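> Just the structure for this:
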Amino acid sequence: MHVTVSEPDLAEIVEGATSMMLGLDLGEIAPRDAVSDVTPSRCAIGASVQFTGEWSGALVIGCDESIGNEAAAAMFGCEVDRVAADELADALGELANMIAGNVKPLLPATTALSLPTVVQGSHLLLGIPGATPAVGVTYQRGASVFSVEIYERASKAAVIA
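Take a look at the predicted model:
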C-alpha cells in the first residue's frame, strides 16, 4: 500500500499547523528542483514521528535555527532571542506531532503514531533508513528553510518477495 497524501494535502496541513496555530510565516514553497540545494546544508534541528501498522513510514521535519526559534517563541509565548535549547526541541517535536496527527486520517485506519524524536546539530541530513521519500514540501523565506517529508517503508510483501 502506497501513501496517498499529495503535496497540496501536505502543504495545507503544514500551513494549518504553522500559520493558523502559531502565526508563523514559513515563506514560499521552494520549487522541487531547488529543494536538494536548499535543505540539507541549512537544517540545524529535525524531528520525526513514525507511522506503524497497516502502513509504515515516518514524517520528518527539518529547519534552520531561525525558524525553529520563531516556532518555539510562538508556542511558549516568549521572545525569539530568549528561546532555550529545550524549548526549541520541545516545539519542533510538538510541531512534528501536530503535523503527523493531521496526516494520520489520510492513512489506513490501523496506522498508529510514535512519540516524536528530535535531533539538533549543524548541517543535518535528515532521512529514515530503509524508507524512501514519498511526498514532501520545503518552504523558504529568505535564507531560512522549513521542510516536511513523508517517508514510506517497503511493504512486508515487497520485502519477502
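> quick one: which helix or strand includes the residue nearest in space to the middle of the chain?
Centroid-nearest residue in the chain: residue 61, 2.3 Å away (criterion: Cα atoms, centre = their mean). Using DSSP states H and E, residue 61 falls within strand 57-63.
> Name the next helix or strand downstream of the longest helix seen in the chain, please.
In the chain, with assignment by DSSP state H, the single longest helix is helix 85-103. Counting by DSSP H and E, the element after helix 85-103 in chain order, helix or strand, is strand 112-113.
> From the contact counts, what lies against that following strand?
Applying 3 or more Cβ pairs under 8 Å, 6 or more residues apart in numbering; DSSP states H and E, one finds that strand 112-113 makes contact with strand 45-52, helix 85-103. Every C-beta, even on glycine, is put in place using the N, C-alpha and C of the backbone.
> how about TSV for the ones you listed, with mean pLDDT added?
As requested, the helices and strands packed on strand 112-113 are exported to TSV (pLDDT from 0 to 100):
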stretch	mean pLDDT
strand 45-52	94
helix 85-103	95
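> These into TSV, with extra columns for distance to residue 153 and mean neighbour count?
Below are the helices and strands packed on strand 112-113 laid out as TSV (distance: least, Cβ to Cβ, whole Å; neighbours: other Cβ atoms under 10 Å):
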stretch	distance to residue 153	mean neighbour count
strand 45-52	9	22
helix 85-103	15	20
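> Those: which one's closest to residue 150?
Nearest to residue 150 among those is helix 85-103 (6.8 Å), distances taken as Cβ to Cβ.
> Give me the mean pLDDT for stretch 120-131.
Average pLDDT, stretch 120-131: 79.
> related to what we said a few turns ago, can the helices and strands packed on strand 112-113 go into JSON lines with extra columns for distance to residue 135?
As requested, the helices and strands packed on strand 112-113 are exported to JSON lines (distance: least, Cβ to Cβ, whole Å):
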{"stretch": "strand 45-52", "distance to residue 135": "13"}
{"stretch": "helix 85-103", "distance to residue 135": "10"}
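> Quick check: which of these is nearest to residue 131?
Nearest of the helices and strands packed on strand 112-113 (Cβ to Cβ): strand 45-52, 9.8 Å.
> Adjacent strands (with direction) for that closest one?
Partners of strand 45-52 in the sheet, by DSSP bridges, are strand 57-63 (antiparallel), strand 112-113 (antiparallel), strand 117-120 (antiparallel).
> Residue 140 is nearest to which of the helices and strands packed on strand 112-113?
Across those, residue 140 has its closest neighbour in strand 45-52 (16.4 Å, Cβ to Cβ).
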